[in-house]
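# Predicted model and sequence below, questions to follow.
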Amino acid sequence: MLLSPYPTTGERIRIALLWLWCGLVILFLLVPILIPVPLSFNSGAFFIFPLEGLSTRWYEVVVGTQRWQSAIGNSLIVAFGTTLIATTLGTLTAIALSDEKFPGRRIIMPLLLSPLIVPVVITAVGSYLFYARVGLASTYAGIILAHTALASPFVVVTVGASLTGFDRNLMRAAAISGARPVTAFFRVMLPLILPGVLSGAAFAFVTSFDEVVVVQFLASASQRTMPLEMFIGLREKLSPAITAAATLMMALSIVLLVVANLLARRGRKTASR
Amino acid sequence: MSALQPSELDRPTLARDRSAADTDLKSVTAALRRAEFGDRMRSLLLAAPLLVLLALSFGIPIVLLLSRAVYDPTIAEALPKTTAALAGWNGQGLPGDDAFAALAADLKDNRAKGTAYELAKSLNARLPGARSQVLKTVRKLESADGQAALEAMKSVPFWSAPTTWPTIQSGTSTLTSFYLLSALDLRWNADGGIERVPPEQAIFVQVFLRTFFVAASVTLATLILGFPLAYVIANVPKGLAAILIVAVLLPFWTSILVRTAAWTVLLQKFGLVNDFLLFIGIASDRLDLMYSRVGLIVAMTHIQLPFTLLPIYSVMRTIPPSQLKAAYSLGARPFTAFRRVYIPQVFPGVMAGCLLTFILCLGYYITPALIGGASDQLISNFIANYVNVELNWEMAAALSFILLVFTLALFGIFARILGLDRLKLM
């Protein structure tokens, strides 16, 4: 497909060079994220190839020491809290916005997306300033609230996409058949848009689980999450335990996002059927 | 439908029918409007919880932060008597003795209330060196009253320096442009005009330029790396394209922190990048890549590459290969066909990808903090530093303000010429 119908030698060389270039770019994309994986199984304490031997000692550090354990716990608390709130409220908002007659849709959409646009340091510093005044700094609630702002746009967008093909007549049919709006939502609409909702939830979870800047400003020492622990570790002393933590985090976000994207695709398909 | 022609009917009946139909129509329209209004209200109610939550958790904090850039009541609140005494001063030379006496009284009050240090710090932000002078004066005033206090004030040369009183006067107004101007290395001069600060005090323009330079370098690098790959992915058979796109998405789905961590491992003196450079013979000695501009740009390019590539790819996917074939069949050489037929169509995708990457680069914080050296810190790092280390909220707010203006302006351009739909990467 890349070649013209009657390729000249020059063109063949150009296409070969193109493939070579793309091969190098793919290596540039993949090697850096794959490097921490073997290093995390290194039995030695250095980041030098060849590996001294295979061991899971660094994973034992991450799973076994109190510092990392509490970080994992905090990450899960914050990520689940964020996912719950962002998914619930984001889904409701997406349903409201999917109505073409919604007043001010063109203004509200950019406002909803703005947490993704504003540089995260500004969000973090602003939250720190305001939350400290109202007693939300150094609380789980504060971190969850700030993360909800960052995560909810993803939910609104994915659920919104699965709603574009949703036939509103189904809701009218349910109403005519005597279903109350809430019943109609749970029995008719939700099952149909569920892939989109779950996909949004996965995006929200990953957004919160990977977030480090807001946490850095809002969390007290006992509320450090896994990314924050990594960030601090990277600043202090590079330990192979960080590669183990990085591998775990990478695995989790890749798995969740693969699921999220498959669900989103299915959601769009179901919706457009 | 009636078989009779309207002209055959008697007129009044027709008129009556019409008006009845009109009333029916009116009431139906009204009912519809009512129903629609109810729908609309229900929609608003559904959206309200998230909108309220976002306003509280995101909107108010941002507005509050930005307001700190222009609203600074510390000095005015700490110096009420001086504020009153300076109300009629024209700003030329030195104010009268009453202002000195008022300031002395205010300083004593601050000492009594324990707010002297805060005042000193706040003045110091506007007038470098003021902190120690204020604290020294406060100590001197301890045992002095009336005329003695006035003499104590006059005995400190700082209070008779030409810049001191204008600064205090501008500080007594709670609204200030001082920090915003400082964020651009500007200040008010004695004649009420705006001038550049002396070169030895100028910091921020350089930091903004550095941020733009890094963002532009990264954008260019991602385009050079990403454009050919996007072209290949869009033009190979489906199965191969799927494999290649996964290679782009895997790093995309890994968090910025994890990728930055991976690069700190790679860029070490005895890390893999140096091994590789030595192996292929580009470098004759191990380079210091950590804490360097080059290392920062390489890592940021890796992180941003999918952001540039995906919008380009999504446009390329829609261009049928038959168009290029048509160009060939009309006698265009491959390069000409590519330049005249392909490039103009991909252009919106290229713009979207490049603008997105450029905008995101302006806000980078994690990667410069971990991989950049002292001279590679970007504007976000300075904002964090003013909050964490210097405790100077006003300066952090002013820098945030300027950064946000640049970011939103670029996004405005993005939305204007490309539409917000292009933001969808998948």
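The structure has been received and is ready for your questions. Residues are numbered from 1 along each chain as shown, chains lettered A, B, ... in the order given.
# CA atoms for contacts and neighbours, from now on please.
Fine.
# give me the number of residues near residue A:144?
Applying other Cα atoms under 10 Å in any protein chain shown, we find 25 residues neighbouring residue A:144.
# isn't it right up against residue A:83?
No - here residue A:144 does not reach residue A:83: they are 9.0 Å apart, not a contact under Cα atoms under 8 Å.
# Below-threshold pLDDT in the stretch 1-150 of chain A: ranges please.
For the stretch 1-150 of chain A, applying pLDDT under 70 flags the ranges A:1, A:3-5, A:47-50.
# Which stretches in it count as strands?
Shown for the stretch 1-150 of chain A, no strands are assigned by DSSP state E, counting those that start in this stretch.
# try chain B
B:186-188, B:194-196 (DSSP state E).
# which of these sits most buried?
For these, the largest average neighbour count (mean count of other Cα atoms under 10 Å in any protein chain shown) is found in strand B:186-188, namely a mean of 19.
# What is the burial count for the closest residue in space to residue B:97 that isn't next to it in sequence?
Distances taken as Cα to Cα, 6 or more residues apart in numbering or on different chains place residue B:150 nearest to residue B:97, at 7.6 Å, with adjacent residues excluded. Residue B:150 has 21 neighbours, counted by other Cα under 10 Å.
# Let me know the pLDDT of residue B:150.
pLDDT recorded at residue B:150 is 82.
# sorry, back to before: do you know which of the strands of chain B lies nearest chain A?
strand B:186-188 (22.3 Å; Cα to the nearest Cα).
# and the closest one, what other elements does it pack with?
For strand B:186-188, the elements it packs on are helix B:178-183, strand B:194-196, judged by 3 or more Cα pairs under 8 Å, 6 or more residues apart in numbering or on different chains; DSSP states H and E.
# Paired strands for that strand, with orientation please.
Using DSSP bridges, the strands paired with strand B:186-188 are strand B:194-196 (antiparallel).
# For the partner strand, give the mean pLDDT please.
The predicted model assigns strand B:194-196 a mean pLDDT of 86.
# Run the chain-centre distance for that strand.
Between the centre of strand B:194-196 and the centre of its host chain there is 24 Å, according to Cα atoms, centre = their mean, to the nearest Å.
# So which residues make contact with that strand?
By Cα atoms under 8 Å, 6 or more residues apart in numbering or on different chains, the surrounding residues in contact with strand B:194-196 are B:185-189.
# Looking at pLDDT only, which of those scores worst?
Scanning the contacts of strand B:194-196 for pLDDT, the low point is residue B:189. It has 75.
# Identify the residue spatially nearest to that residue, adjacent ones excluded.
residue B:195 (6.2 Å).
# so what's that neighbour bridging to?
According to DSSP bridges, beta-bridge pairing links residue B:195 with residue B:187.
# Helices of the stretch 251-400 of chain B, start to end?
B:256-266, B:272-280, B:293-316, B:321-329, B:334-337, B:343-362, B:366-371, B:379-388, B:393-418 (DSSP state H, counting those that start in this stretch).
# possible to save these as JSON lines with distance to residue B:179, mean neighbour count and mean pLDDT?
Shown next, in JSON lines, are those (distance: least, Cα to Cα, whole Å; neighbours: other Cα atoms under 10 Å in any protein chain shown; pLDDT from 0 to 100):
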{"stretch": "helix B:256-266", "distance to residue B:179": "32", "mean neighbour count": "25", "mean pLDDT": "92"}
{"stretch": "helix B:272-280", "distance to residue B:179": "42", "mean neighbour count": "16", "mean pLDDT": "86"}
{"stretch": "helix B:293-316", "distance to residue B:179": "28", "mean neighbour count": "25", "mean pLDDT": "94"}
{"stretch": "helix B:321-329", "distance to residue B:179": "55", "mean neighbour count": "15", "mean pLDDT": "84"}
{"stretch": "helix B:334-337", "distance to residue B:179": "53", "mean neighbour count": "16", "mean pLDDT": "83"}
{"stretch": "helix B:343-362", "distance to residue B:179": "20", "mean neighbour count": "21", "mean pLDDT": "93"}
{"stretch": "helix B:366-371", "distance to residue B:179": "24", "mean neighbour count": "23", "mean pLDDT": "95"}
{"stretch": "helix B:379-388", "distance to residue B:179": "12", "mean neighbour count": "21", "mean pLDDT": "95"}
{"stretch": "helix B:393-418", "distance to residue B:179": "6", "mean neighbour count": "20", "mean pLDDT": "92"}
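# Nearest to residue A:133, out of the ones you listed?
Judged by Cα to Cα, the one of these that comes nearest to residue A:133 is helix B:393-418, at 14.0 Å.
# Next one: the closest one, is it in contact with chain A?
Yes - using Cα under 8 Å from any Cα of the partner chain, helix B:393-418 reaches chain A at B:400, B:404, B:407-408, B:411.
# got the residues of the stretch 151-273 of chain A near chain B?
So far as Cα under 8 Å from any Cα goes, the stretch 151-273 of chain A lies against chain B at A:210, A:212-213, A:227, A:231, A:234-235, A:242-243, A:246, A:249-250, A:253-254, A:257.
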